[in-house]
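Peer 1: can't give you the sequence, but here's the structure:
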């Protein structure tokens, strides 16, 4: 019997995702037409003998999260629960705090994954790999190859190339260690909790000896810094390397890239989600998701990589490319939207142009990952995708380029390279 745990973070996290995370918890932000964390749940539900999926985070239980959990439970016919941490406990602290819930029913192993990764989730391949090496380890890390420069932004894994055993693990090293990086997707046996427990005891002892005691909770445990380095030294970890797509979803710009990866995957996994050219329907180029309730004029041209949410209205002659349009938005006749995210209930006027700069990885490097750009560079806003928060009104015949517009703004002129507060 197996279980899966998804770490969804909390409101203090996901700050790089603002202003989109103001309206909806980041894990419920729609990527390729469905909430980000639903891709994880779909992958887990397909694994044979999966009994329960547990979401752990420190969001207050809210109506939106409860509604999502109820509908996902109905759709996937599997128990899905949310457990709320009393504070941000780190990647190891959260699962240790709820270890009794995870181990109830006696699972032989459990998957653990971060909600802000997008992947093909080769969970069954990881399980086969685990069973071939049963008894000799307490964890499998999913790894992928990055280029030398970008590997410094991730956890780096040095492996024994014959056995795939992890020899050395370093989180975000200052110099090059390895081009195999940690994907934030793991398969653990219950023994992992005794290793986390050792660190917890040590944290508590250190805290008692401190004078005056510092504010850090002894429950805060990070797998990457506190656990994996020791487990690698004890030969308790293996790495399973995937050749399939993988990306982090840290910023809003990376959501558009993740959307493209998932839409492309739909050809195999969910062809029914992809829009096709219909008689009297809009022109579709490449991979496009359109919610059935959206109202789209037949002269509009959509794609590639476009995702259109519930109740969206798209007028005549509109051009949409590499963008996500969230529910209730209105795109009036002949407007043009490129490399942008249009927020809930926002409106773009006639002949207006909303455009961003794509933040894609280098297409000429097969191992390139998306760069986690800082918001500002050289004293100005880093050119990135344009984001309109919820309820933003763009007037007719203006150009908005490389801008971030916070919610509930009525603009009256063109803007570029600005954050409009």
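Peer 2: Nice, thanks for sending it over. Owing to the predicted nature of the structure, the values given are computational and were not obtained by experimental measurement.

Peer 1: quick one: contacts for the residue nearest the centre of the chain?
Peer 2: The chain has residue 116 as the residue nearest its centroid, 2.5 Å off, counting by Cα atoms, centre = their mean. By Cβ atoms under 8 Å, 6 or more residues apart in numbering, the contact list for residue 116 reads 9, 14, 26-27, 36, 184, 248-250. Quick note: C-beta positions are derived from backbone N, CA and C, even for glycine.

Peer 1: so which of those would you say is closest to residue 311?
Peer 2: residue 36 (20.2 Å; Cβ to Cβ).

Peer 1: give me the number of residues near the closest one?
Peer 2: The local packing of residue 36 (other Cβ atoms under 10 Å) involves 25 other residues.

Peer 1: does it touch residue 249 like I think?
Peer 2: Yes - under the criterion of Cβ atoms under 8 Å, residue 36 makes contact with residue 249 at 6.4 Å.

Peer 1: overlap in contacts, the two.
Peer 2: 116, 118, 255, 258.

Peer 1: between these, which has the most around it?
Peer 2: residue 255 leads the shared contacts of residue 36 and residue 249 on contacts (other Cβ under 10 Å) with 27 neighbours.

Peer 1: give the buried residues for the helix or strand where that one lies.
Peer 2: According to DSSP states H and E, residue 255 maps onto helix 252-269. Neighbour-count burial for helix 252-269, with 16 or more other Cβ atoms under 10 Å as criterion, is recorded at 252-266.

Peer 1: mind listing what's buried in stretch 77-93?
Peer 2: For stretch 77-93, by 16+ other Cβ under 10 Å, it's 80, 82-83, 85, 88-93.

Peer 1: can you add distance to residue 137, pLDDT and secondary structure and give those residues back as a markdown table?
Peer 2: Below are the buried residues of stretch 77-93 laid out as a markdown table (distance: Cβ to Cβ, whole Å; pLDDT from 0 to 100; DSSP: H, G, I helix; E, B strand; the rest coil):
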| residue | distance to residue 137 | pLDDT | secondary structure |
| --- | --- | --- | --- |
| 80 | 28 | 95 | strand |
| 82 | 30 | 94 | strand |
| 83 | 26 | 95 | strand |
| 85 | 27 | 90 | coil |
| 88 | 28 | 85 | coil |
| 89 | 25 | 87 | coil |
| 90 | 22 | 87 | helix |
| 91 | 19 | 88 | helix |
| 92 | 17 | 90 | helix |
| 93 | 22 | 88 | helix |
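
Peer 1: which of those residues sits closest to residue 381?
Peer 2: Nearest to residue 381 among those is residue 88, at 28.6 Å by Cβ to Cβ.

Peer 1: and the gap between that closest one and residue 314?
Peer 2: According to Cβ to Cβ, to the nearest Å, residue 88 and residue 314 sit 40 Å apart.

Peer 1: now do the strands in the stretch 101-250 of the chain.
Peer 2: Using DSSP state E, counting those that start in this stretch, the strands of the stretch 101-250 of the chain run over residues 109-114, 117-119, 139-145, 155-159, 166-171, 180-188, 237-241, 246-248.

Peer 1: got TSV for these, with distance to residue 206 too?
Peer 2: As requested, those are exported to TSV (distance: least, Cβ to Cβ, whole Å):
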stretch	distance to residue 206
strand 109-114	26
strand 117-119	32
strand 139-145	25
strand 155-159	24
strand 166-171	20
strand 180-188	25
strand 237-241	25
strand 246-248	32
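
Peer 1: what residue ranges in this structure score low on pLDDT?
Peer 2: 12-15, 210-216, 218, 372-374, 378-379 (pLDDT under 70).

Peer 1: okay, and the beta partners of residue 337?
Peer 2: Legend: beta-bridge partners of residue 337 under DSSP bridges are residue 320, residue 354.

Peer 1: report the contact partners of it.
Peer 2: Applying Cβ under 8 Å, 6+ apart to residue 337 gives the contacts 318-321, 323, 325, 331, 348, 353-355.

Peer 1: pull the number of nearby residues for residue 273.
Peer 2: As a burial measure, residue 273 scores 19 neighbours (other Cβ under 10 Å).

Peer 1: one more: residue 158?
Peer 2: Neighbours of residue 158 under the rule other Cβ under 10 Å: 16.

Peer 1: apart from its chain neighbours, what residue comes closest to it?
Peer 2: Spatial nearest neighbour of residue 158, excluding adjacent residues (Cβ to Cβ, 6 or more residues apart in numbering): residue 168 at 3.9 Å.

Peer 1: same question for residue 361.
Peer 2: residue 368 (3.8 Å).

Peer 1: so the one you found sits against residue 150, correct?
Peer 2: Yes - here residue 368 lies in contact with residue 150, judged by Cβ under 8 Å, at a distance of 6.8 Å.

Peer 1: between those two, who's got more neighbours?
Peer 2: residue 150 (19 against 15).

Peer 1: list the contacts of residue 356.
Peer 2: By Cβ under 8 Å, 6+ apart, the contact list for residue 356 reads 253, 338-340, 383-387, 401-402.

Peer 1: pull the most distant pair out of those residues.
Peer 2: Within these, two members stand farthest from each other by Cβ to Cβ: 253 and 401, at 14.4 Å.

Peer 1: picking that back up, which residues are contacting the helix or strand following the helix holding residue 255?
Peer 2: Downstream of helix 252-269, the first helix or strand assigned by DSSP H and E is strand 283-284. Contacts to strand 283-284, defined as Cβ under 8 Å, 6+ apart, come from residues 275-277, 300-303.

Peer 1: now do stretch 358-378
Peer 2: For stretch 358-378, the surrounding residues in contact (Cβ under 8 Å, 6+ apart) are 16, 145-147, 150, 153-154, 179, 181, 247-248, 250-251, 253-254, 256-257, 322, 339, 381-382, 384-385.

Peer 1: any of the residues you listed buried? List them.
Peer 2: 16, 145-146, 150, 154, 179, 181, 247-248, 250-251, 253-254, 256-257, 322, 339, 382, 384-385.

Peer 1: give me the nearest residue to residue 289, chain neighbours excluded.
Peer 2: Per Cβ to Cβ, 6+ apart, closest to residue 289 is residue 33, 3.8 Å.

Peer 1: hmm, that neighbour is touching residue 272, no?
Peer 2: No - checked against Cβ under 8 Å, the pair residue 33 and residue 272 is beyond contact range at 11.1 Å.
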